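J.: Model the following, please.
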Amino acid sequence: MDTVWLVDEAMLLRFAVAVAVGVIVGIERGWSQRALEAGARTMGLRTFTLIGMAGGILGIVGNELLVGAGLVALASLLVVSYLRADDRDLGLTTEVSALTTFLLAVFSGWGYPTYAAAGGAVVAAVLEAKAPLHRFLKGLAERELEAAIKLLLLAVVVLPVLPDADLGPDGLVNPRQIGIIAVALATISFVGYWLVKLMGSRAGPLLFGLAGGLVSSTAVTLASARLSRAQPSLAPALASAIAAANAVMVVRVGAVAGLMAPALLTDLVSVLAPIGLLSLGWMLWRLLHPAAPVGPGGLAEMIDAPVPIGESVLMALLVGLVSLAASIGRSLFSGAGLIVVAAITGLADVDALTITMARLAQTVGDTAASAPDGLPIADVICVAVIANMISKAALVAALGDRQLAAGIAGLFGFSVLIAISAIAARSFIG
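T.: Residues are numbered from 1 along each chain as shown. The predicted structure follows:
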């Protein structure tokens, strides 16, 4: 009679992952001690593999008392090993890694091999990144750490406790939404600071403008103005960041409106395309004619606060006030109400009005491009874009370096003239 062996494939997988976690961490630990003599090495590939096997077996057994006893036994062995070591200045990294490996192996044995494998990969990556992590900490300024902690507190402590409710007259103020805007502005400023610091004054601002413009060109402008005030030599590069963000904003507005209401795209392109091309041209010209560059790390002593918490909160409150003013304008004005609302709303943001107008275009039909009061919907969106550029120029003038303010005033001033001329020409031809 033949013997039939039953293999539990799921259990075998959990055990294999537990052993693999030990092998992965053991290889890294063994490699880090490869220069030591055989007797001087503490724990390497073999030890960590056995730890993974033990943890996997205890996890598969599933007895919590046995797991606890195994953890205590391993911790005791690690303490004895550490106390007997000749050199205790090496820290506790290997010992903590052993405990973590054991727990991940138990986790795999309990039925979570995917998470255990991911945890093992993260542990190995953290251990291998010792040198770059130490270099990062050595180059980290106190104000940068303080700024990161403030940003975390704002995002994970202050923001969740803000009420997500419409308050005030007609429910025009939502504290949670204002808080989200403040966190977004502060985060974009922080990202821009690190891009410029790590990548230098040429590539950093360009990437900052292109990436930040996908979220908020106003936030990019705010952060760039602050950077230029801290270091005026960065003004030409930061001008390219603002121009790049403005070009991305124009493309974003056209894409959103065109996807939601294709009938709007023809009228919008005649106004938005020249603005976008002008911004791109300005960006390229600034990149080809830079001032004295500041290399990576050159901002460490230039900026007092990488995350402008106070300014971000004030800017978010301003957005709330603008929304309130736009709502009041909608109720006070009749025929020109949409234009007034667009001008007021565009001072802080263009996306909300673009979406609103695109939805309105959907309601009046794909072939219609006029609001119920006869105003072309595309013109309403363009007014918001014009107002947004004017507000960003004013923001740079108030917070930025004089050279940056002059350049941005010229760029946006010429863009506004082009936009108004395009709207007038289209109206005359139409």
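
J.: Just the CA coordinates for stretch 67-75, please, in CSV.
T.: Output in CSV follows, covering the C-alpha atoms of stretch 67-75 (Å, rounded to 0.1, in the frame of the first residue of the first chain):
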residue,chain,number,x,y,z
VAL,A,67,5.5,32.8,21.0
GLY,A,68,5.9,34.9,24.2
ALA,A,69,8.3,32.4,25.7
GLY,A,70,10.3,32.3,22.5
LEU,A,71,10.5,36.1,22.4
VAL,A,72,11.7,36.2,26.0
ALA,A,73,14.3,33.4,25.3
LEU,A,74,15.6,35.2,22.3
ALA,A,75,15.8,38.6,24.1
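
J.: So which residues make contact with that stretch?
T.: Identification of contacts with stretch 67-75 by CB atoms under 8 Å, 6 or more residues apart in numbering yields Ile51, Ala54, Gly55, Leu58, Gly59, Ala98, Leu99, Phe102, Leu103, Val106. No exception for glycine: its C-beta is placed from N, CA and C like everyone else's.

J.: Same question for stretch 52-60.
T.: Here stretch 52-60 has contacts from 11, 14-15, 17-23, 25-26, 66-67, 70, 74, 101-110, using CB under 8 Å, 6+ apart.

J.: Give the burial count for Thr266, as a bare number.
T.: 12 (other CB atoms under 10 Å).

J.: same question, Tyr112
T.: Per other CB under 10 Å, the neighbour tally for Tyr112 reads 17.

J.: can you check the one 4 residues further on too?
T.: Residues near Ala116, counting by other CB under 10 Å, number 28.

J.: buried set for the helix or strand encompassing Gly276?
T.: Assigned by DSSP states H and E, Gly276 falls within helix 265-288. By 16 or more other CB atoms under 10 Å, the buried positions in helix 265-288 come out as 265, 267-268, 270-272, 274-276, 278-280, 282-283, 286-287.

J.: again with stretch 137-157
T.: Those would be Glu144, Ala147, Lys150, Leu151, Leu154, Ala155, for stretch 137-157 by 16+ other CB under 10 Å.

J.: Okay, helices next: where are they in the stretch 51-200 of the chain?
T.: With DSSP state H, counting those that start in this stretch as the criterion, the stretch 51-200 of the chain has helices at 64-84, 93-109, 113-128, 130-139, 142-153, 159-161, 175-213.

J.: So which bits of the third one are buried?
T.: It refers to helix 113-128. Using 16+ other CB under 10 Å as the test for burial, helix 113-128 gives Pro113, Ala116, Ala117, Gly119, Gly120, Val123, Ala124, Leu127.

J.: what's the closest non-adjacent residue to the third one?
T.: Nearest in space to Ala117, with sequence neighbours left out and distances taken as CB to CB, 6 or more residues apart in numbering, is Val17 at 5.3 Å.

J.: cool, and Ala378?
T.: Closest to Ala378 by CB to CB, 6+ apart is Asp267, at 3.5 Å.

J.: Same question for Val248.
T.: Leaving out its chain neighbours, Val248 is closest to Gly213 (CB to CB, 6+ apart), at 3.0 Å.

J.: Next: Val23.
T.: Nearest non-adjacent residue to Val23 (CB to CB, 6+ apart): Thr49, at 5.3 Å.

J.: out of the contacts of stretch 67-75, what pair is the most spread apart?
T.: The distance between the two most remote of the contacts of stretch 67-75 (CB to CB) is 15.9 Å, for Gly59 and Ala98.

J.: returning to what we had before: hang on, the residue nearest to Val248 packs against Ile242?
T.: No - assessed by CB atoms under 8 Å, Gly213 is found out of contact with Ile242, at 9.1 Å.

J.: I'd like to know which of the contacts of stretch 67-75 is nearest to Leu314.
T.: For the contacts of stretch 67-75, the nearest to Leu314 is Leu103 (45.9 Å; CB to CB).

J.: OK, contacts around the closest one?
T.: Leu103 touches Gly55, Leu71, counting by CB under 8 Å, 6+ apart.

J.: now it: how far from Leu287?
T.: Separation of Leu103 from Leu287 (CB to CB, to the nearest Å): 51 Å.

J.: same check, this time on Thr100
T.: Taken as CB to CB, the span from Thr100 to Leu287 is 47 Å.

J.: Excluding chain neighbours, what is closest to Gln403?
T.: Nearest to Gln403 is Ala235, by CB to CB, 6+ apart, at 4.4 Å.

J.: how many other residues sit next to the one you found?
T.: Number of residues near Ala235 (other CB under 10 Å) recorded here: 26.

J.: Please identify the helix or strand for it.
T.: Going by DSSP H and E, Ala235 is in helix 235-260.

J.: what is the mean pLDDT for that helix?
T.: Averaging pLDDT along helix 235-260 gives 85.

J.: Tell me which other helices or strands it touches.
T.: helix 175-213, helix 217-230, helix 265-288, helix 351-364, helix 377-399, helix 402-429 (3 or more CB pairs under 8 Å, 6 or more residues apart in numbering; DSSP states H and E).

J.: For Met249, find the nearest of these.
T.: helix 217-230 (4.0 Å).

J.: Tell me the buried residues in the closest one?
T.: Neighbour-count burial for helix 217-230 [16+ other CB under 10 Å]: 217-229.

J.: roughly how far apart are the nearest residue to Gly407 once chain neighbours are set aside and Ser224?
T.: For Gly407, ignoring the flanking residues on the chain, the nearest one in space by CB to CB, 6+ apart is Ala239 at 4.8 Å. Using CB to CB, Ala239 is found at 8 Å from Ser224.

J.: again with Ser270
T.: Taking CB to CB, one finds Ser270 at 29 Å from Ser224.

J.: Same question for Met53.
T.: 56 Å.

J.: likewise Ile429?
T.: Ile429 sits 37 Å away from Ser224 when distances are taken as CB to CB.

J.: Gly254 too?
T.: In terms of CB to CB, Gly254 sits 23 Å off from Ser224.

J.: One more: Arg359?
T.: Arg359 sits at a distance of 32 Å from Ser224 (criterion: CB to CB).

J.: Report the distance from stretch 386-399 to the chain centre.
T.: Centroid separation for stretch 386-399 versus its chain: 23 Å, with CA atoms, centre = their mean, to the nearest Å.
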